[in-house]
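**Student:** Following is a predicted model, sequence given first.
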Amino acid sequence: MAGYSDAPMRQLCAEAGALWTVSEMISSRGLVLGNEDADLIIGKPYKGEVGRVVQLFGADPDILAEASRKAAEWFDAAAIDLNMGCPVPKVRGKGGACLLQTPEVAYTLISAMRGAVPLDVSAKIRLGFDTNRAVEVAQGLEAAGVSLITVHGRTSAQRYTGQADWDAIAAVAASVRVPVIGSGDVLSAEQARERLKTGVAAVMIGRGAVGQPWIFSELLEDGFALPDLKAWASTALRHTRLNAQWYGEWRGMKQMRKVLPRYLAGAEPLPSELRDALVRLDTLLQAEALLRPLVGQMEDGRADLASA
């Protein structure tokens with residue numbers, strides 16, 4: 001998720017038990033032809049990070065092959081993923097969901113990426129661009145050598161409106177031999193458990209993990225007790241400190257403005273002035289002043305995120 005699945009978020013989710021995590025998508029053309037290097041922050045792993053998939057987007061096989069090599073070398077990727085699901089206009093004509101209009105191009109991309117790196121190569125797709133072609137596309141990707149397919153249960157034309165079609169995802173899972181991961185509208189552990197019954201190999205949780213990274217612990221641990229307000233605020237404060245260390249204070253606080261309200265929204269009704277203050281954060285000191293009273297007495301912890 002662009003703007004969300006960064007290193008601090010991935011660390012919190014991995015600690016909670018996520019089987020694997022995925023980077024924000026990276027432009028293959030920018031990686032190969034731009035001024036990027038191993039310090040590209042959306043590609044870098046945090047210290048000790050494992051099981052992280054690097055997601056690329058693009059539409060040129062040679063560029064994607066070279067980008068895959070760079071991602072494997074620079075970012076210590078566990079696997080490389082081709083984004084075929086992003087519907088936003090800025091990637092139109094450059095890859096993303098546009099590839100669902102010409103899936104034969106996507107097959108050549110997967111083949112090129114597979115030939116470039118000794119890693120698994122996966123693909124994340126939607127049901128289609130404006131109509132459901134997911135089974136056809138998935139079977140073509142399998143023939144091209146993809147190791148895993150993630151299916152989001154909407155077309156590109158739907159963007160994020162309506163409901164994800166899990167029956168369509170199940171049909172894809174039944175049509176190929178490679179593992180299929182289901183994605184779409186999984187906002188709770190209960191929903192994830194229900195979606196696993198559709199025949200998918202696993203469930204991808206995106207928006208549902210923002211503000212509640214412990215959703216993975218809830219899935220894995222019998223009798224998991226949902227956090228109280230103190231625990232919500234404590235995790236939010238730790239996330240904020242990790243962000244400040246990873247990005248630097250100003251950028252880290254700016255990025256947290258959209259994340260912190262998601263933490264506190266699920267806890268209990270809170271004063272509107274608190275939310276208003278959280279979305280205007282400029283400094284870590286401000287965040288500490290707002291969140292520490294909710295946490296109460298706690299040990300003074302330091303962020304433990306460091307660049308690799």
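**Tutor:** On my side now, so go ahead. Numbers count the residues shown, from 1 in each chain.
**Student:** so what's Phe185 closest to, chain neighbours aside?
**Tutor:** For residue 185 the amino acid is Asp, not Phe. Leaving aside its sequence neighbours, Asp185 sits nearest to Ala164 (C-beta to C-beta, 6 or more residues apart in numbering; 4.5 Å). All C-beta spots, glycine's among them, are computed from the backbone N, C-alpha and C.
**Student:** Report how many residues lie close to that neighbour.
**Tutor:** Neighbour count of Ala164, defined by other C-beta atoms under 10 Å: 20.
**Student:** That one contacts Thr155, doesn't it?
**Tutor:** No. Ala164 is not in contact with Thr155 according to C-beta atoms under 8 Å; the separation is 10.6 Å.
**Student:** Surely Gln55 forms part of a strand?
**Tutor:** Yes. Gln55 forms part of a strand when assessed by DSSP: H, G, I helix; E, B strand; the rest coil.
**Student:** Is it bridged to anything, and to what?
**Tutor:** Asp81 (DSSP bridges).
**Student:** what about the stretch 151-300 of the chain, any weak spots by pLDDT?
**Tutor:** 266-269, 297-300 (pLDDT under 70).
**Student:** Swap in 50 and give it another go.
**Tutor:** 297-300 (pLDDT under 50).
**Student:** Going along the chain, name the strands of it.
**Tutor:** Assigned by DSSP state E, counting those that start in this stretch, the strands in the stretch 151-300 of the chain fall at 180-183, 202-204.
**Student:** Out of these, which is the most enclosed?
**Tutor:** Compared across these, strand 180-183 shows the largest average neighbour count, a mean of 24 (mean count of other C-beta atoms under 10 Å).
**Student:** same for the helix or strand hosting Leu109, what does it pack against?
**Tutor:** Using DSSP states H and E, Leu109 maps to helix 103-116. Judged by 3 or more C-beta pairs under 8 Å, 6 or more residues apart in numbering; DSSP states H and E, the packing partners of helix 103-116 are helix 61-75, strand 79-84, strand 120-126, helix 134-144.
**Student:** okay, these in JSON lines with mean neighbour count and mean pLDDT next?
**Tutor:** Output for those, formatted as JSON lines (neighbours: other C-beta atoms under 10 Å; pLDDT from 0 to 100):
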{"stretch": "helix 61-75", "mean neighbour count": "21", "mean pLDDT": "97"}
{"stretch": "strand 79-84", "mean neighbour count": "25", "mean pLDDT": "97"}
{"stretch": "strand 120-126", "mean neighbour count": "25", "mean pLDDT": "98"}
{"stretch": "helix 134-144", "mean neighbour count": "20", "mean pLDDT": "98"}
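**Student:** would you list every one of the helices in this structure?
**Tutor:** 7-16, 28-33, 61-75, 103-116, 134-144, 166-175, 189-196, 215-220, 229-247, 249-256, 260-265, 272-278, 284-295 (DSSP state H).
**Student:** Pipe those into CSV and attach distance to Pro87 per row.
**Tutor:** CSV is the format used below for the helices of the chain (distance: least, C-beta to C-beta, whole Å):
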stretch, distance to Pro87
helix 7-16, 22
helix 28-33, 18
helix 61-75, 20
helix 103-116, 15
helix 134-144, 15
helix 166-175, 16
helix 189-196, 21
helix 215-220, 24
helix 229-247, 27
helix 249-256, 23
helix 260-265, 22
helix 272-278, 29
helix 284-295, 33
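**Student:** ok so, going back, reformat the strands of the stretch 151-300 of the chain as JSON lines; add distance to Ala289.
**Tutor:** Below are the strands of the stretch 151-300 of the chain laid out as JSON lines (distance: least, C-beta to C-beta, whole Å):
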{"stretch": "strand 180-183", "distance to Ala289": "38"}
{"stretch": "strand 202-204", "distance to Ala289": "36"}
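**Student:** Specify the stretch among the ones you listed that is closest to Ala192.
**Tutor:** Nearest to Ala192 among the strands of the stretch 151-300 of the chain is strand 202-204 (4.7 Å), distances taken as C-beta to C-beta.
**Student:** Given that closest one, what are its sheet partners and their directions?
**Tutor:** Strand 202-204 has these strand partners (DSSP bridges): strand 180-183 (parallel).
**Student:** Please work out which residues outside the strand it pairs with touch it.
**Tutor:** 124, 138, 148-153, 164, 166, 169-170, 172-173, 195, 198, 200-204, 206 (C-beta atoms under 8 Å, 6 or more residues apart in numbering).
**Student:** Apply 7 Å and report the result again.
**Tutor:** With C-beta atoms under 7 Å, 6 or more residues apart in numbering as the contact definition, strand 180-183 has outside contacts at 148-152, 166, 169, 172-173, 195, 198, 200-204, 206.
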